[in-house]
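Engineer: sequence-free structure coming up:
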């Protein structure tokens, strides 16, 4: 510490301008990409990996910047990429995967809370929860009558009478 007391003001300022070397940024980017690959269904770390890769590339190409500027570029580019590309990447990742019905509700019996005419919507109780339901069967369902859950679309149960199963 005794050596630091004899530094000039410009030397102290130069110490504060430290930068991370380019290969450290690239290493961080690779670690984030590995993390993204290990987390199933996640599309989040890739944007920070791209931000770290961008700073690493700028540093590699000779961009002279301090650590605070590197961190600022990393943060802003990561957030901008996340905001701009996340919907596109999620749609590409989820393409071809059909919406799956909840296996815990499909095939279960539901009780109609209200009359539900054929092709119309109403309310049912299934497994202790009240749901919106659409009658996809061939006949009207009456209040108190049992129905079978065929599929689920978001929060809407598609039901039919038990004899049409």
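Structural biologist: Arrived safely, thanks for sending. Everything numeric in this text was worked out from a predicted model, so none of it was measured.

Engineer: just checking, residue 46 touches residue 35?
Structural biologist: No: using C-beta atoms under 8 Å, residue 46 and residue 35 do not qualify as a contacting pair, with a distance of 9.3 Å. The C-beta positions use only the backbone N, C-alpha and C, and glycine is treated the same way.

Engineer: between the two, tell me which one has more neighbours.
Structural biologist: More crowded of residue 46 and residue 35, by other C-beta atoms under 10 Å: residue 46, with 21 against 15.

Engineer: which helix or which strand is home to that one?
Structural biologist: For residue 46, the host element (DSSP states H and E) is helix 45-60.

Engineer: show the backbone phi and psi for residue 150.
Structural biologist: Here is the backbone geometry of residue 150 (degrees, to the nearest 10): phi -90, psi -50.

Engineer: my bad, should have said residue 110
Structural biologist: In terms of degrees, to the nearest 10, the main-chain angles of residue 110 are phi -130, psi 150.

Engineer: the helix holding residue 46 - contacts with which helices or strands?
Structural biologist: Using 3 or more C-beta pairs under 8 Å, 6 or more residues apart in numbering; DSSP states H and E as the contact test, the elements touching helix 45-60 are helix 22-38, helix 67-94.

Engineer: which stretch in those has the least confidence?
Structural biologist: Among the helices and strands packed on helix 45-60, helix 67-94 carries the lowest mean pLDDT, at a mean of 85.

Engineer: tell me the most buried of the helices and strands packed on helix 45-60?
Structural biologist: helix 22-38 (a mean of 16; mean count of other C-beta atoms under 10 Å).
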